[in-house]
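Chemist: next input, structure requested:
(2 chains)
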Amino acid sequence: MTTTMSSTLRGQRLPRWAVPAIGVAALVVTAALLAGLGTWSTAAFVVLAGVLFAVAVTGASFALEGARQARDRLATTAVSTAFLLAMAPLVSIAIFTVSRGINRLDGDFLTRSMFLISPSGPGGGAYHAIMGSLLITAITAVLAVPLGILTAVYLVEYGEGRRLARAVSFFVDVMTGVPSIVAGLFIYAFWIMALGFQQSGLAGALSLVILMLPVVVRATEEMLKLVPQELREASYALGIPKWRTIAKVVLPTALGGIVTGVMLGVARAMGETAPLLLLVGTQVRINFNPFGFSDTEANPISTLPTYIYSQLTSATGNTDSPAFDRAWAAALVLIIIIMLLNLLARFVARFSKARG
Amino acid sequence: MAKSIDISGLDVYYGDFLAVSDVSMTVEPRSVTAFIGPSGCGKSTLLRTLNRMHEVTPGARVEGKVLLDGEDIYHSAVDPVNVRRTIGMVFQRPNPFPTMSIYDNVVAGLKLQGRQPRKKLDEVVEKSLRGANLWNEVKDRLAKPGAGLSGGQQQRLCIARAIAVEPQVLLMDEPCSALDPISTLAIEDLIQELKEKYTIVIVTHNMQQAARVSEQTAFFNLAGVGKPGQLVEMDDTQKIFTNPGDKRTEDYITGRFG
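Modeler: Next comes the predicted model:
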């Protein structure tokens, strides 16, 4: 390589293979070091190798490329490390859930309830809990999605700058942070204590609406704000009334983001446990009737989160228990359902956009 | 079907800020009227008051009268939606609806008048796109998204969309400022054809364009720094560009200021 020192554009660069080479070297050196000390620990190995790598890359870069490039290399290493740290729990949860859940994820599990099955005994399934989760989440979505989208439409399209809109916006933010048990407590006080009804799927769905609503409002609001004012004006200029402009131009333009927001809300609602334990209860039989509520008789429905909870309770810490496997299989099913719903939503959003 | 516009004593406000003061003018039917003047002098603002688009901005309001063939468009009984159906608008930046196909973009304004038979919509699409000189370029891909066209084609699509609802007046807010010279020429030719049927008001920064396409030209200027915009003079385009009545107009069109 011929580098003239007088050139202001060219400088020494670390060769392309240098960074991976330093990485491998860092791993080897760390392994040798720990082996020499005779104290092997995976955590120490990862941390030590990482630090060694960062120092070596930055040092090599500083020596060869100069201070500015060295800072750049250090920043790149730091950002990549942060990314890997963030990914680690996600990936390990996925691997863990799949490897444990796959034991019991079979046809029986998906098609049978726990009726007449001993709580800690073998067999049984989560069909009743899957259907319960889907039913209650569907009711929640039917109530929360239109309400949330219309609230966001009011906030962005009609209430702009008004005191009421600002107040609503503020309380939506506050509601986003409401712990789920508080939402459950509120419905408990209202539905069960004040109105005197017993547990039912509907009561659980009402508490989930409180949790899902702010997520939908927030996401929709942000997406509506991103729709260019020009498009609204283009529509008004054609003599299209405001409500029709919103329905035909603004909402379709923001659809992709709204769908994502709705899915986040659905995922949150589907994973909630605490309010459902309080308001819906647990059940070992199939129950397709979330609306059956009365003041004399509880009408509990099993859902996946509460199913996981009761299976883990039945397993009493014994990892060989069939109940333990059922809990993990149910967790896997829950993740798969949320994933499928996400894919479906994306597909729907893309399809309706391409249709034009 | 083309209508005249009479503006008298019009003040245009953004909140408490007076943007344009005391404009009176007459826009002739079946002709092209150009608004010229430096940036910020209120040309576009005035244009937007002519189809009540101005009030879409929060806090914006007007005082004075705008008569469309003698009928005050700011009368309390007038629905701005009806005004905008009669007075169409083309914007500075092409803004086709991104979620709609070329076909749906053209009929977007028409569909609101209730369900239309498909055959009639097809006719309107062809007629409007031919009217905007775009038909031959897009007739084989009407179902494709409007956003996939080039800038000049998008702007002609917006013109087709505007004339599809058969307005009587067409307002154009710097319709060529984002376009290359060839697309500009296409739109100027189009304006010449459209003026047979429509009353056209066009805002432009391009004085050659004003001279080429318009019969009447109105020159606007700021009364001073921080003061509202005002109409300096309005006359036949020929006269404005050869023998303007006001010194300020002459300075502006010859490029001398101050």
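Chemist: switch to C-alpha atoms for all contacts and neighbour counts from now on
Modeler: Fine.
Chemist: now the helix or strand hosting A:Ala144: buried residues?
Modeler: Here A:Ala144 sits within helix A:127-153, counting by DSSP states H and E. By neighbour count on 16 or more other C-alpha atoms under 10 Å in any protein chain shown, the buried set for helix A:127-153 is A:127-141, A:143-145, A:147-153.
Chemist: quick check: which helices or strands does it pack against?
Modeler: The contact analysis (3 or more C-alpha pairs under 8 Å, 6 or more residues apart in numbering or on different chains; DSSP states H and E) places helix A:127-153 against helix A:107-111, helix A:201-226, helix A:251-271, helix A:304-315.
Chemist: identify the residues contacting the first one?
Modeler: Yep, that's helix A:107-111 we're talking about. A:123-127, A:130 (C-alpha atoms under 8 Å, 6 or more residues apart in numbering or on different chains).
Chemist: go on, stretch B:237-248?
Modeler: Residues outside stretch B:237-248 that contact it (C-alpha under 8 Å, 6+ apart): B:210-211, B:214-217, B:232-234, B:249-250, B:253.
Chemist: same list (those residues) but as CSV, adding pLDDT.
Modeler: CSV is the format used below for the contacts of stretch B:237-248 (pLDDT from 0 to 100):
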residue, pLDDT
B:Ala210, 93
B:Ala211, 92
B:Ser214, 94
B:Glu215, 94
B:Gln216, 94
B:Thr217, 95
B:Val232, 93
B:Glu233, 93
B:Met234, 94
B:Thr249, 91
B:Glu250, 91
B:Ile253, 88
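Chemist: and among the helices and strands packed on helix A:127-153, the most buried is which?
Modeler: With neighbours taken as mean count of other C-alpha atoms under 10 Å in any protein chain shown, these reach their highest mean count in helix A:201-226, at a mean of 25.
Chemist: what residues does chain B put near chain A?
Modeler: B:51, B:53, B:56, B:80-85, B:87-91, B:95-101, B:104, B:109, B:112, B:143-145, B:161-162, B:165 (C-alpha under 8 Å from any C-alpha of the partner chain).
Chemist: hang on, the earlier thing: out of the contacts of stretch B:237-248, who has the most neighbours?
Modeler: The residue in the contacts of stretch B:237-248 with the most neighbours, by other C-alpha atoms under 10 Å in any protein chain shown, is B:Thr217 (27 neighbours).
Chemist: beta partners for that one?
Modeler: B:Ala34, B:Asp235 (DSSP bridges).
Chemist: how near is it to chain A?
Modeler: Using C-alpha to the nearest C-alpha, to the nearest Å, B:Thr217 is found at 24 Å from chain A.
Chemist: what does B:Glu63 give?
Modeler: 21 Å.
Chemist: can you check the pLDDT for that residue?
Modeler: Note for B:Glu63: predicted pLDDT of 93.
Chemist: which strand or helix spans it?
Modeler: strand B:60-68.
Chemist: which residues touch that strand?
Modeler: Strand B:60-68 is contacted from outside by B:3-15, B:49-50, B:54-55, B:72-74, using C-alpha under 8 Å, 6+ apart.
Chemist: out of the residues of chain B next to chain A, which are buried?
Modeler: Using 16+ other C-alpha under 10 Å, the buried members of the residues of chain B next to chain A are B:51, B:53, B:80-81, B:83-85, B:87-91, B:95-101, B:104, B:109, B:143-145, B:161-162, B:165.
Chemist: distance-wise, check B:Val138 relative to A:Asp173.
Modeler: 47 Å (C-alpha to C-alpha, to the nearest Å).
Chemist: the strands in chain B, which residues?
Modeler: B:5-14, B:17-27, B:32-36, B:60-68, B:71-72, B:87-90, B:169-173, B:199-203, B:216-222, B:229-236 (DSSP state E).
Chemist: tell me which of these sits most buried.
Modeler: Buried most deeply of those, by mean count of other C-alpha under 10 Å, is strand B:87-90, with a mean of 30.
Chemist: strand partners of it, parallel vs antiparallel please.
Modeler: For strand B:87-90, pairing defined by DSSP bridges yields strand B:169-173 (parallel).
Chemist: now do the strand it pairs with, average pLDDT.
Modeler: Here the average pLDDT along strand B:169-173 is 94.
Chemist: let me know the pLDDT of B:Asn206.
Modeler: On pLDDT, B:Asn206 comes in at 89.
Chemist: got the contact list for whichever residue of the stretch 1-150 of chain A sits closest to chain B?
Modeler: Evaluated by C-alpha to the nearest C-alpha, the stretch 1-150 of chain A has A:Ile149 as its residue closest to chain B, separated by 18.8 Å. By C-alpha under 8 Å, 6+ apart, the residues touching A:Ile149 are A:216-217, A:220.
Chemist: how about B:Glu71?
Modeler: So B:Glu71 contacts nothing (C-alpha under 8 Å, 6+ apart).
Chemist: partner residues bridging it?
Modeler: When assigned by DSSP bridges, B:Glu71 has beta-bridge partners B:Leu68.
Chemist: possible to save the strands of chain B as JSON lines with distance to A:Leu255?
Modeler: Shown next, in JSON lines, are the strands of chain B (distance: least, C-alpha to C-alpha, whole Å):
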{"stretch": "strand B:5-14", "distance to A:Leu255": "32"}
{"stretch": "strand B:17-27", "distance to A:Leu255": "37"}
{"stretch": "strand B:32-36", "distance to A:Leu255": "39"}
{"stretch": "strand B:60-68", "distance to A:Leu255": "30"}
{"stretch": "strand B:71-72", "distance to A:Leu255": "39"}
{"stretch": "strand B:87-90", "distance to A:Leu255": "26"}
{"stretch": "strand B:169-173", "distance to A:Leu255": "29"}
{"stretch": "strand B:199-203", "distance to A:Leu255": "34"}
{"stretch": "strand B:216-222", "distance to A:Leu255": "42"}
{"stretch": "strand B:229-236", "distance to A:Leu255": "41"}
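Chemist: any weak-confidence spans in chain A?
Modeler: Residues of chain A that meet the criterion pLDDT under 70 lie in A:1-7, A:352-356.
Chemist: give me the domain ranges for it.
Modeler: Following automatic domain parsing, chain A resolves into domains at A:18-101, A:107-355.
Chemist: off-centre distance for the longest one?
Modeler: Averaging C-alpha coordinates over domain A:107-355 and over its chain gives two centres that are 12 Å apart (C-alpha atoms, centre = their mean, to the nearest Å).
Chemist: I'd like to know how far A:Ser200 sits from A:Ile130.
Modeler: Relative to A:Ile130, A:Ser200 is positioned 16 Å away (C-alpha to C-alpha).
Chemist: OK, contacts around the residue lying closest to A:Gly281 once chain neighbours are set aside?
Modeler: Closest residue in space to A:Gly281, ignoring its immediate chain neighbours: A:Pro300 at 5.0 Å, by C-alpha to C-alpha, 6 or more residues apart in numbering or on different chains. Taking C-alpha under 8 Å, 6+ apart as the criterion, A:Pro300 is in contact with A:199-201, A:280-283, A:287.
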